[in-house]
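*Asks:* curious how this folds, go ahead:
(chains A, B, C and D)
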There are 2 protein chains.
Amino acid sequence: MQEERRLAVLRAIVEDYVSTEEPVGSKALVERHGLGVSPATVRNDMAALEDEGYIMQPHTSAGRVPTDKGYRLFVDRLTTVKPMSAAEKRAIATFLEGAVDLDDVVSRSVRMLSQLTRQVAMVQYPTLSRSTVRHIELVALTPSRLLVVLILSTGRVEQRVVDLATELTDLDLSDLRTRLNSAAAGPVIADAVEALRACVPPVDGATTAAVVEVLVDAMVDHRSDERIAVGGAANLARYGDSFDSAVRPLLEALEEHVVLLKLLGEASTGGLVSVTIGTEGPYEELSATSIVTTGYGPRDEAVATLGIVGPTRMDYPGTMAAVRAVARYVSRILDEA
Amino acid sequence: MQEERRLAVLRAIVEDYVSTEEPVGSKALVERHGLGVSPATVRNDMAALEDEGYIMQPHTSAGRVPTDKGYRLFVDRLTTVKPMSAAEKRAIATFLEGAVDLDDVVSRSVRMLSQLTRQVAMVQYPTLSRSTVRHIELVALTPSRLLVVLILSTGRVEQRVVDLATELTDLDLSDLRTRLNSAAAGPVIADAVEALRACVPPVDGATTAAVVEVLVDAMVDHRSDERIAVGGAANLARYGDSFDSAVRPLLEALEEHVVLLKLLGEASTGGLVSVTIGTEGPYEELSATSIVTTGYGPRDEAVATLGIVGPTRMDYPGTMAAVRAVARYVSRILDEA
DNA sequence: CATTGGCACTCATCAACAACGAGTGCCAAG
DNA sequence: CTTGGCACTCGTTGTTGATGAGTGCCAATG
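*Replies:* A predicted model of the protein is given here:
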């Protein structure tokens, strides 16, 4: 069928353009790929593909370049999963397993991901709201000054200092500690907040209330929810041309973690790898970049998102495989912890 | 004196070149600055300055550009401190005071510094080795699994999980906690390590020993010592020309925190602002960049270093003032904590 | 009706070249 | 030591023409 060949042509154009970074012409196409037709035929197909908006030419009489719509079709229908090699899998696993704490897991993931994809990688810290409280620890710095340490199931530790109106004895302290822990340990953050508030005694609860407020603050603190690690910015240097159009805005976006979180959040859909291409994304300035993300988390619950950003002209199959693989292994690590 | 005017010419060249980014010629010089002499005179001075290696011309018959040696002289002898405005000071103070914990202090400092200088900013986390232990907390996750939390005077929290061969009762636990705290709390890390090791009981000390080892590990862990925050990479986009020669290697260096730590460490000299210009630095690839750093820490002890990297062609007086100001305010914040 | 070879046409890229001008070095006079 | 004058250098800019990759269209073919 002609229709089928057209898709083959589109695929060939995408693959060639991704590897050569140059508009691809009809002649080069038939040479490099084994389509058994003449350049003229391909030209006809190209004209049709252009009419339908899948490809375009940067200027008259130059080769064709995929449009966002073209990439979209390629990703949705023309891509065959390209599994990681056994060696790569092993490398990922052993590297991630060397991590000593949550920070380390995240930073290693970012590094791994950026190396595998040769793109800028982002890993969101596991969100507080979907994790549970493992333990609350109170440390008296002075009799009226308390260090509150909140330990979460994801391994994250939040700490706050609170000044009290009254002085606490050791006994008070351990009593309070017990009460707080039995109230908060176990349930999801949102429920734990309720439970904590409920355990403030009706009379003379000022001190407890102060501590509880700090805890709640730490639990719901959006600043923590919004933490994100970024790495591989050096890969931006490979962009070569299109510096102004792609690198500059991206560099600026990387500083604004809020923007990145929106990019990550925008797409996260279940266990699948999500791809946002060029203008499909929410930011005008990033119209030359694509985002590949997926969720991760212990026990197959996605508590956070990780992914990469790169030029629309990227190796989608390879990138998607890498993102999926890293997410899988990070989830496994979190399972064990 | 001629000598005096020559220095004035050098200063003028540096200032003009920094602001225009273009080689500066004799005519433009006398116009823009109020030196009361003719272009010809300035040309003679320039020739002399070039002989002495303070300036150079990129190609015959173009304007002059300062050499590293020229910048060095400028920084050492021709720079007058340019104090921050009251408004700037206030902005720094209030922004930094909003921080809730150490991580936040550091990340705010980086952001502040990069905004003030419009350069890439780096802030090293306070080093463990020069800080003291404030508290050690033990939490039994299960009877034979212990979460060890180490709280340091700088506000940093390190946490480790340790699996024990034996099971611990609550009594054992609080006993151990007391012993460890009395041994380690107070002295500098290096001494605390000794004290901890000394308090392992000679017989049946296996459990204690295990915990102590984890603590010591956390204390001396170089990974923690080497933490550093980087920000303002978007400012690299302003480099304009000289992308390959300056931005690319810098972007790569930013990924390698080891490199940055070396840059920060290379110079830190007491309370003064240190400036490393171009080839004075340890890295060939960074020969087009300068580093401006200074130490900071509570009570005027420098426990860590912060600073910026930027093109050799930068506003040294302004940058130095900003670096010093931020260091001063961060130190003050750490004092209070 | 899809495919193909032929062919005229477009247009970005590159090299050669000339005009321009900013900036210099040098020299002789003040 | 300073200054005006002057010839010289050389990077920059704009023009022009040749080159060639690539296209679109058309008529011929299976």
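*Asks:* ok and the residue in chain A nearest DNA strand D?
*Replies:* residue A:25 (2.8 Å; Cβ to the nearest atom of the strand). The way it works is simple: take the backbone N, C-alpha and C, and place the C-beta from them, glycine included.
*Asks:* the residue nearest to that residue when sequence neighbours are not counted - how many residues pack around it?
*Replies:* Beyond its immediate neighbours in the sequence, the residue positioned closest to residue A:25 (Cβ to Cβ, 6 or more residues apart in numbering or on different chains) is residue A:63, lying 4.1 Å away. Neighbours of residue A:63 under the rule other Cβ atoms under 10 Å in any protein chain shown: 20.
*Asks:* what's near enough to touch residue A:63?
*Replies:* A:22, A:23, A:24, A:25, A:28, A:57 (Cβ atoms under 8 Å, 6 or more residues apart in numbering or on different chains).
*Asks:* in helices only, show me these.
*Replies:* Judged by DSSP state H, the subset of these located in helices is residue A:28.
*Asks:* out of the contacts of residue A:63, who has the most neighbours?
*Replies:* If you count neighbours using other Cβ under 10 Å, the busiest of the contacts of residue A:63 is residue A:24, which has 24 neighbours.
*Asks:* which ones are touching it?
*Replies:* Residue A:24 makes contact with A:12, A:13, A:16, A:17, A:63, A:64, A:65 under the criterion Cβ under 8 Å, 6+ apart.
*Asks:* quick check: which of those residues are also close to DNA strand D?
*Replies:* Checked against DNA strand D using Cβ under 7 Å from any atom of the strand, these give the following subset in range: A:63, A:64.
*Asks:* is the top helix by length along chain A up against chain B anywhere?
*Replies:* When chain A is scanned for its longest helix (criterion: DSSP H), the result is helix A:316-336. No - using Cβ under 8 Å from any Cβ of the partner chain, helix A:316-336 never reaches chain B; the gap is at least 10.9 Å.
*Asks:* packing partners of that helix?
*Replies:* helix A:86-97, helix A:102-117, strand A:289-296, strand A:304-311 (3 or more Cβ pairs under 8 Å, 6 or more residues apart in numbering or on different chains; DSSP states H and E).
*Asks:* got the ones you listed as CSV, with mean neighbour count columns?
*Replies:* Below are the helices and strands packed on helix A:316-336 laid out as CSV (neighbours: other Cβ atoms under 10 Å in any protein chain shown):
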stretch, mean neighbour count
helix A:86-97, 14
helix A:102-117, 22
strand A:289-296, 26
strand A:304-311, 26
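*Asks:* give the helix, strand or coil label for residue A:138.
*Replies:* Using DSSP: H, G, I helix; E, B strand; the rest coil, the three-state assignment for residue A:138 comes out as strand.
*Asks:* so it touches residue A:159, yeah?
*Replies:* No - Residue A:138 is beyond contact range of residue A:159, at 11.0 Å (criterion: Cβ atoms under 8 Å).
*Asks:* overlap in contacts of those two?
*Replies:* Between them, residue A:138 and residue A:159 share the neighbouring residues A:147, A:148, A:149, with contact defined by Cβ under 8 Å, 6+ apart.
*Asks:* find the nearest non-adjacent residue to the last one, please.
*Replies:* Nearest-residue entry for residue A:149: residue A:137, 4.2 Å, with adjacent residues in sequence omitted and distances by Cβ to Cβ, 6+ apart.
*Asks:* I'd say that neighbour and residue A:146 touch.
*Replies:* No - in this structure, residue A:137 sits apart from residue A:146 without contact. The criterion is Cβ under 8 Å, and the distance is 10.4 Å.
*Asks:* related to what we said a few turns ago, for the shared contacts of residue A:138 and residue A:159, which one is nearest DNA strand C?
*Replies:* Ranked by distance to DNA strand C (Cβ to the nearest atom of the strand), the shared contacts of residue A:138 and residue A:159 are led by residue A:149 at 59.9 Å.
*Asks:* so the closest one sits in a strand?
*Replies:* Yes - when the secondary structure is assigned by three-state DSSP, residue A:149 falls within a strand.
*Asks:* so how far is stretch A:48-65 off the chain centroid?
*Replies:* 33 Å (Cα atoms, centre = their mean, to the nearest Å).
*Asks:* wait, does it contact DNA strand C?
*Replies:* Yes - Stretch A:48-65 is in contact with DNA strand C by Cβ under 7 Å from any atom of the strand, via A:59, A:60, A:61, A:62.
*Asks:* and that stretch, which residues are buried?
*Replies:* Of the residues in stretch A:48-65, those with enough neighbours to count as buried (16 or more other Cβ atoms under 10 Å in any protein chain shown) are A:49, A:54, A:55, A:63, A:64, A:65.
*Asks:* do you know how far residue A:80 is from chain B?
*Replies:* Counting by Cβ to the nearest Cβ, to the nearest Å, the separation of residue A:80 from chain B is 32 Å.
*Asks:* kindly report the same for residue A:37.
*Replies:* 42 Å.
*Asks:* and if you look at residue A:154?
*Replies:* Here the criterion is Cβ to the nearest Cβ. By it, residue A:154 lies 12 Å from chain B.
*Asks:* contacting residues for residue A:56?
*Replies:* The neighbourhood of residue A:56, defined by Cβ under 8 Å, 6+ apart, consists of A:50, A:64, A:65, A:67.
*Asks:* gap between the last one and residue A:280?
*Replies:* For residue A:67, the distance to residue A:280 equals 12 Å [Cβ to Cβ, to the nearest Å].
*Asks:* CSV please, covering the helices and strands packed on helix A:316-336 and showing mean pLDDT.
*Replies:* Converted to CSV, the helices and strands packed on helix A:316-336 look like this (pLDDT from 0 to 100):
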stretch, mean pLDDT
helix A:86-97, 95
helix A:102-117, 93
strand A:289-296, 94
strand A:304-311, 94
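*Asks:* same list (these) but as a markdown table, adding distance to residue A:228.
*Replies:* Putting the helices and strands packed on helix A:316-336 into a markdown table (distance: least, Cβ to Cβ, whole Å) gives the following:
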| stretch | distance to residue A:228 |
| --- | --- |
| helix A:86-97 | 18 |
| helix A:102-117 | 9 |
| strand A:289-296 | 12 |
| strand A:304-311 | 9 |
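*Asks:* closest to DNA strand C out of these?
*Replies:* Each of the helices and strands packed on helix A:316-336 was checked against DNA strand C via Cβ to the nearest atom of the strand, and the shortest separation belongs to strand A:304-311, namely 18.0 Å.
*Asks:* check whether the closest one comes near chain B.
*Replies:* No - judged by Cβ under 8 Å from any Cβ, strand A:304-311 stays clear of chain B, getting no closer than 13.9 Å.
*Asks:* could you check the pLDDT of residue A:257?
*Replies:* You'll see residue A:257 listed with a pLDDT of 87.
*Asks:* what do you get for residue A:61?
*Replies:* The predicted local confidence for residue A:61 is 80.
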